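Asker: Below is the sequence, then the predicted model.
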Amino acid sequence: MAVPMTPLLKDELDIVIPTIRNLEFLEMWRPYLQPYHLIIVQDGDPTRSIKIPEGFDYELYNRNDINRILGPKASCISFKDSACRCFGYMVSKKKYIFTIDDDCFVAKDPSGKEINALEQHIKNILSPSTPFFFNTLYDPFRDGADFVRGYPFSLRPGVPTAVSHGLWLNIPDYDAPTQLVKPLERNTRYVDAVLTIPKGTLFPMCGMNLTFNRELIGPAMYFGLMGDGQPIGRYDDMWAGWCVKVICDHLGLGVKTGLPYIWHSKASNPFVNLKKEYKGIFWQEDIIPFFQAATLSNEATTVQQCYIELSKQVKEKLGKIDPYFDTLSDAMVTWIEAWDELNPPKKAELPNGAAK
Ligand SMILES: O=c1ccn([C@@H]2O[C@H](COP(=O)(O)OP(=O)(O)O[C@H]3O[C@@H](CO)[C@H](O)[C@H]3O)[C@@H](O)[C@H]2O)c(=O)[nH]1
Ligand SMILES: [Mn+2]
């Protein structure tokens, strides 16, 4: 009798969902996600109870839990913004994270077959990336592909993959101005490709359909301070992506984008989004050059050290744009302190294995 396959990374991966809604969307994902542990970060009013379909193994955190667990350090976790999801990354004890929004459903490929997005993310994250030399036949580690002629053999082993960035059919992740001028545009284009984002190139990381190796890059996955009381929104994942890419480039880690697709069903309100994004749209004309020019010292060999160095540069170079960046820089430090408090180095990682 065939032994049922154990789902890949079943005990090494958590699924983080930020939500202000009930989670009936999980019904559609049940065949693919039920074997995995969920970390649900309930945003907004903690007295609301959200409905979670039967049969899922989960832990649920609301704002009261975040405040109880982090105390004053909870100030670095956004409130009333999907950025709160990063609390789930911090409390997880697993090696990998898959984060998905509650308005993202199972998409179909051009043949009409359902896409198991998590399975594709796992393939992406478990195979190497090629940031140092572009392979024109895309991801050489996919079935039916390889390195093309002229690709240096010395670079073919690739580097460990830290991030797998998936895409979206139907409602694309457009900013508010684009949404306003193209309200009816839907993404119907399924591109069967996975690409490594080359070293030295930034990208707009969307948190809707994202997987990462928590042990390689977790401490850099801070979704910047947004939402209640903050002058900006909908740049949480972008901020994380820029910090992550600079640190991945510094540490020789890879970031992939492309497959898998999910079906993004809900367009959030473009006018509300415009208000949230407004300052970010012009601030980013200074933020991007900052990250493009950012350098980290040779002494920065851990993600935490890299992140603290970045936070100092944020205060020094972006603080002059707006006091928000001073607050964000401090929040970046608080995030690392909270991360290290909840994730003390394992005994083996301590110098000569000394007990902490
Ligand atoms: O205050 C809030 C609002 C929403 N959430 C949860 O976060 C995700 C995304 O929410 P939604 O799908 O309504 O918004 P989008 O504009 O489509 O989100 C995309 O834009 C980015 C803005 O940061 C975001 O990262 C993308 O996913 C849902 O699960 C909501 O339930 C929340 O927790 N708090
Ligand atoms: Mn959405």
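Answerer: That came through, no problem. Ligands and ions are numbered 1, 2, ... in the order given.
Asker: what's D101 in contact with, if anything?
Answerer: I17, P18, S82, G207, M208, N209, H264 (CB atoms under 8 Å, 6 or more residues apart in numbering). From N, CA and C alone the C-beta is placed, and that goes for glycine too.
Asker: who's in contact with the fourth one?
Answerer: Meaning G207. G207 makes contact with S82, R85, T99, D101, F223, D236, D237, A240 under the criterion CB under 8 Å, 6+ apart.
Asker: what do you get if the cut-off is 10 Å, keeping everything else the same?
Answerer: 16, 18, 82-83, 85-86, 99-101, 165, 173, 221, 223, 236-238, 240-241 (CB atoms under 10 Å, 6 or more residues apart in numbering).
Asker: Restrict those residues to those that also contact ligand 1, please.
Answerer: Intersecting these with the contacts of ligand 1 gives P18, S82, D101, D173, D236, D237 (criterion: CB under 6 Å from any ligand atom).
Asker: what's the pLDDT at the second one?
Answerer: pLDDT, the model's per-residue confidence, is 96 for S82.
Asker: The nearest residue to it once chain neighbours are set aside: which element?
Answerer: Leaving aside its sequence neighbours, S82 sits nearest to P18 (CB to CB, 6 or more residues apart in numbering; 4.6 Å). Under the criterion of DSSP states H and E, P18 resides in strand 13-19.
Asker: And what about the closest residue to V314 other than its chain neighbours, helix, strand or coil?
Answerer: Among residues not flanking V314 along the chain, S329 sits closest, at 4.3 Å (CB to CB, 6+ apart). Using DSSP: H, G, I helix; E, B strand; the rest coil, the structure places S329 in helix.
Asker: neighbours around the residue of the stretch 1-150 of the chain found nearest ligand 2, how many?
Answerer: Distance from ligand 2 to each residue of the stretch 1-150 of the chain (CB to the ion) is smallest for D103, at 4.2 Å. Residues near D103, counting by other CB atoms under 10 Å, number 17.
Asker: Next: G258.
Answerer: G258 has 21 neighbours, counted by other CB under 10 Å.
Asker: if I pick whatever residue of the stretch 251-356 of the chain ends up closest to ligand 2, what's in contact with it?
Answerer: Relative to ligand 2, the nearest point of the stretch 251-356 of the chain is K266 (4.9 Å; CB to the ion). Residues in contact with K266, defined by CB under 10 Å, 6+ apart, are R21, D101, D102, D103, C104, F105, N170, I171.
Asker: low pLDDT regions in the stretch 201-350 of the chain?
Answerer: Per-residue confidence for the stretch 201-350 of the chain (pLDDT under 70) gives these ranges: 348-350.
Asker: hmm, try it at 80
Answerer: The stretch 201-350 of the chain contains residues with pLDDT under 80 at 346-350.
Asker: so where do the helices sit in the stretch 201-350 of the chain?
Answerer: 214-217, 236-251, 270-293, 303-313, 323-342 (DSSP state H, counting those that start in this stretch).
Asker: where does S164 fall, helix, sheet strand or coil?
Answerer: Put simply, S164 is strand when judged by three-state DSSP.
Asker: Spatially nearest residue to it (excluding sequence neighbours)?
Answerer: The shortest distance from S164 to any non-neighbouring residue, by CB to CB, 6+ apart, is to N124 (3.7 Å).
Asker: Buried residues, the helix or strand harbouring the one you found. List them.
Answerer: N124 belongs to helix 117-126 when assigned by DSSP H and E. For helix 117-126, burial by neighbour count (16 or more other CB atoms under 10 Å) applies to A117, L118, Q120, H121, I122, K123, N124, I125.
Asker: could the contacts of K266 be laid out in TSV, adding pLDDT?
Answerer: As requested, these are exported to TSV (pLDDT from 0 to 100):
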residue	pLDDT
R21	95
D101	98
D102	98
D103	97
C104	98
F105	98
N170	98
I171	97
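Asker: Adding secondary structure as columns, could you present those residues in a markdown table?
Answerer: Listed next are the contacts of K266 as a markdown table, based on three-state DSSP:
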| residue | secondary structure |
| --- | --- |
| R21 | coil |
| D101 | coil |
| D102 | coil |
| D103 | coil |
| C104 | strand |
| F105 | strand |
| N170 | strand |
| I171 | coil |
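Asker: And the strands in the stretch 51-200 of the chain, which stretches?
Answerer: Counting by DSSP state E, counting those that start in this stretch, the stretch 51-200 of the chain has these strands, from start to end: 57-61, 96-100, 104-105, 161-170, 194-196.
Asker: Neighbouring strands - and their directions - for the shortest one?
Answerer: Read that as strand 104-105. strand 254-264 (antiparallel) (DSSP bridges).
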